[in-house]
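**Student:** Got a sequence here, can you model it:
(chains A and B)
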Amino acid sequence: MRDGKPLILCVDDDADLLDLLRMQLEKGGYAVDTAFTAEEGLLKFKQNKPDLIIVDLMMEEIDAGTNLVKELKLAGNQAPIFMLSSMGDQLDVSTGYRELGLDGVFQKPVNAEALLRTIKAKLVK
Amino acid sequence: METRTGQDLILTHSLMLGERLYLFARLRFMAAAGILLGGLFATYVVGVPNLNLKALAGAAIFLAAYNVCIFLSVRPHGGSYNGKKNQRRLVTIAHVSILLDYLVLTFALWLVGGAGSPFRAFYLLHAILAAVLLSRRAAYVLAAVGYLCLAGLVLGEWSGVIPRNGDLGIRVDFQLVVTVLFVYGLLTAVTTVLTTGIVRLLRENEQGMLAASERLERLADMRRSFLHVVLHDLRSPVGTVVAMLEGLSGGLDGQLAEAQKSRVDRATARLRSLLELLRGLRVLADLETERLESLMAPVDVRGTITAAVEDHLDSAEQKKVVLKAMLPAALPAIVGIDRLIREALANFLTNAIKYTPAGGTISVRAADRGSVVRIEVVDDGPGIAAEEQAHLFQEFSRAGKEGSRRGKDAGLGLGLSIVRRIAEAHHGRAGVESQPGQGSTFFIELPVREAAKTV
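**Tutor:** Next up is the predicted model:
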């Protein structure tokens, strides 16, 4: 929580998308932390303990997204994690979604309303 | 890439050694039968006197008996290329079998007339077999062994060390001995030199083709990964722009005037169909992956269908179309690629939502049809005429060629052909059943595989 609002950490290597995501989430009434790289994401997770995390599956380095999810788990994360994915990611990745223990996957380009609705439902629980 | 050496030259070719030994083992049974039947034929039909049929039968039985051992030991390698793993074993079997063949041949030859018998020529056959199966050196050694067997028999009979059998009325005198030894020596040498020469040439050609096909393979790999990178790099910015435009249209940076919003929405729609095209191309590129079979895993069909339907609930709602899944409690597992099956269903669903008018209903059904799982997307839209159905699943066709649909609905062109290809990649099929005015049923049938049933 930050300033009484649930804190959402967004990790994506696309600066424009990250900026957009921040605006949309802030408009939806959330506080937002952004990170450019998996490393930065992990650091911000440890510093700020977000209530929810959104990770881009396919960042520049292969598997950066899935590795981050694994590392977050190792770091004791309890917050729900959603992943952003473009259709056209590796064929064998989708099988890993459930094993990774993700709370959901959003297909890019993400529909803002659907995103906010899902996040709201998740954070109420 | 590892470079190939002369050593591999033989190995490449000998990848088929198991297969060939298996073939020869089957032929050898016929040879055993041939010895037996030939003996009977010679005695009772041709009237050749003094043939020792019992001894011939013994030779045939001995031949058949050791061939059973050879047959059983090469059979596991008969159907496929055995690779380097069993190479030594197979080479040993080849050597042993040819040596045993010489033994039987010499014995049988002795029974049917020895030095004077025309069956001498069978030694040459084995020289050829050795040249085809084994290395050049082994071919020479085995040809020499064969020649020595013949020479031993001929000289033995001439000198009286070996008694004569099956009198064909041919005298074994000095002239015959010299003639046989000379002619067969020459024949064996020439045969071996020629055959090993030809085999060497063939192996070299094979090697050249192998190298060429590897080069092509590498090029195809490069092209594939290039395509992946290009498609990814095209998709990323387009996706981001779509998201930004949608934010803009949704009033993220302040409300737009109606005309502005309309223009932005139209731009977004155009980019979205471009995204669809890129997505389709990516799936086509994926379908060309050679690793496809190795990526296949048991798929929870019910979960995959549910996920695909959930993905489309929003767009159905926006279009005021009811989208519902009616699935049996359990479906057999199939082996496949979850993402591709989901992609196929997404294609069906996107089309159904696109063509079903507001107030319509789309239901997704699935059924266990024994050998296949059939998934259907049923809509009560306008339906499709029979003559159009035939082209639907081909590349770059589009339902309804009339101008009104162009532009906005572009993208169907690749869509259904992709579904067909996905079905084919799973050894299944896709199709449509429809009548104008009666709605359409698009289906995909995916085989239930034995391996999957136990999962």
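
**Student:** who touches the residue nearest the centre of chain A in this structure?
**Tutor:** Geometric centre of chain A, nearest residue: A:Ile54, 0.8 Å, by Cα atoms, centre = their mean. Contact partners of A:Ile54, counting by Cβ atoms under 8 Å, 6 or more residues apart in numbering or on different chains, are A:8-12, A:21, A:81-84, A:106. Where you see a C-beta, it was placed from the backbone N, CA and C, and this is true even at glycine.

**Student:** For it, give me phi and psi.
**Tutor:** As for A:Ile54, its main-chain torsions (degrees, to the nearest 10) stand at phi -120, psi 120.

**Student:** B:Ser440 now?
**Tutor:** The phi and psi torsions at B:Ser440 (degrees, to the nearest 10) take the values phi -130, psi 150.

**Student:** beta partners of it?
**Tutor:** With DSSP bridges applied, the residues forming beta bridges to B:Ser440 are B:Asp379, B:Ser434.

**Student:** all strands for chain A, in order.
**Tutor:** Secondary structure of chain A by DSSP state E: the strands cover A:7-11, A:31-35, A:52-56, A:81-85, A:104-107.

**Student:** ok, what's across the strand from B:Val372?
**Tutor:** In this structure, B:Val372 bridges to B:Pro447 when assessed by DSSP bridges.

**Student:** for it, what are its contacts?
**Tutor:** With Cβ under 8 Å, 6+ apart as the criterion, the residues that contact B:Val372 are B:428, B:445-448.

**Student:** how about those residues in TSV, adding pLDDT and neighbour count?
**Tutor:** Formatted as TSV, those follow (pLDDT from 0 to 100; neighbours: other Cβ atoms under 10 Å in any protein chain shown):
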residue	pLDDT	neighbour count
B:Gly428	93	22
B:Glu445	94	19
B:Leu446	92	24
B:Pro447	90	18
B:Val448	87	20
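
**Student:** which of those lies closest to B:Ala42?
**Tutor:** Nearest to B:Ala42, judged by Cβ to Cβ, of the contacts of B:Val372 is B:Pro447 at 56.5 Å.

**Student:** Quickly note the distance from A:Ala79 to A:Leu17.
**Tutor:** For A:Ala79, the distance to A:Leu17 (Cβ to Cβ, to the nearest Å) stands at 21 Å.

**Student:** more neighbours, the two?
**Tutor:** Of the pair A:Ala79 and A:Leu17, A:Leu17 is the one with more neighbours under other Cβ atoms under 10 Å in any protein chain shown, namely 23 against 18.

**Student:** Mind putting the strands of chain A into TSV with mean pLDDT?
**Tutor:** What follows is the strands of chain A, written out as TSV (pLDDT from 0 to 100):
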stretch	mean pLDDT
strand A:7-11	94
strand A:31-35	94
strand A:52-56	91
strand A:81-85	85
strand A:104-107	78
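
**Student:** between those, which gets nearest to B:Leu201?
**Tutor:** The nearest among the strands of chain A, by Cβ to Cβ, is strand A:81-85 at 54.4 Å.

**Student:** so, in contact with chain B or not, that closest one?
**Tutor:** No - Strand A:81-85 lies out of reach of chain B by Cβ under 8 Å from any Cβ of the partner chain, never closer than 9.7 Å.

**Student:** what inclination does that strand have with respect to strand A:7-11?
**Tutor:** Angular relation of strand A:81-85 and strand A:7-11 on a 0 to 180 degree scale: 30 degrees, by axes from the mean of the first three to the mean of the last three Cα atoms, to 10 degrees.

**Student:** ok now strand A:81-85, how far from the chain's centre?
**Tutor:** Strand A:81-85 sits 5 Å away from the centroid of its parent chain (Cα atoms, centre = their mean, to the nearest Å).

**Student:** What helices and strands are in contact with that strand?
**Tutor:** strand A:52-56, helix A:64-74, strand A:104-107 (3 or more Cβ pairs under 8 Å, 6 or more residues apart in numbering or on different chains; DSSP states H and E).

**Student:** Strand partners (parallel or antiparallel) of that strand?
**Tutor:** Next to strand A:81-85 in the sheet, as set by DSSP bridges, lie strand A:52-56 (parallel), strand A:104-107 (parallel).

**Student:** got a markdown table for those strands, with distance to B:Gly439 too?
**Tutor:** Supplementary listing: those in a markdown table, determined by distance: least, Cβ to Cβ, whole Å:
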| stretch | distance to B:Gly439 |
| --- | --- |
| strand A:52-56 | 39 |
| strand A:104-107 | 27 |
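
**Student:** Just say which of those strands is most tucked in.
**Tutor:** strand A:52-56 (a mean of 24; mean count of other Cβ atoms under 10 Å in any protein chain shown).

**Student:** The contacts of A:Ile54, buried ones only, as a ChimeraX selection?
**Tutor:** Isolation of the buried members of those (16 or more other Cβ atoms under 10 Å in any protein chain shown) is achieved in ChimeraX through the command below:
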select /A:8,9,10,11,12,21,81,82,83,84,106
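
**Student:** which one of the contacts of B:Val372 is nearest chain A?
**Tutor:** Looking at the contacts of B:Val372 and their distance to chain A, the nearest is B:Leu446, at 16.3 Å (Cβ to the nearest Cβ).
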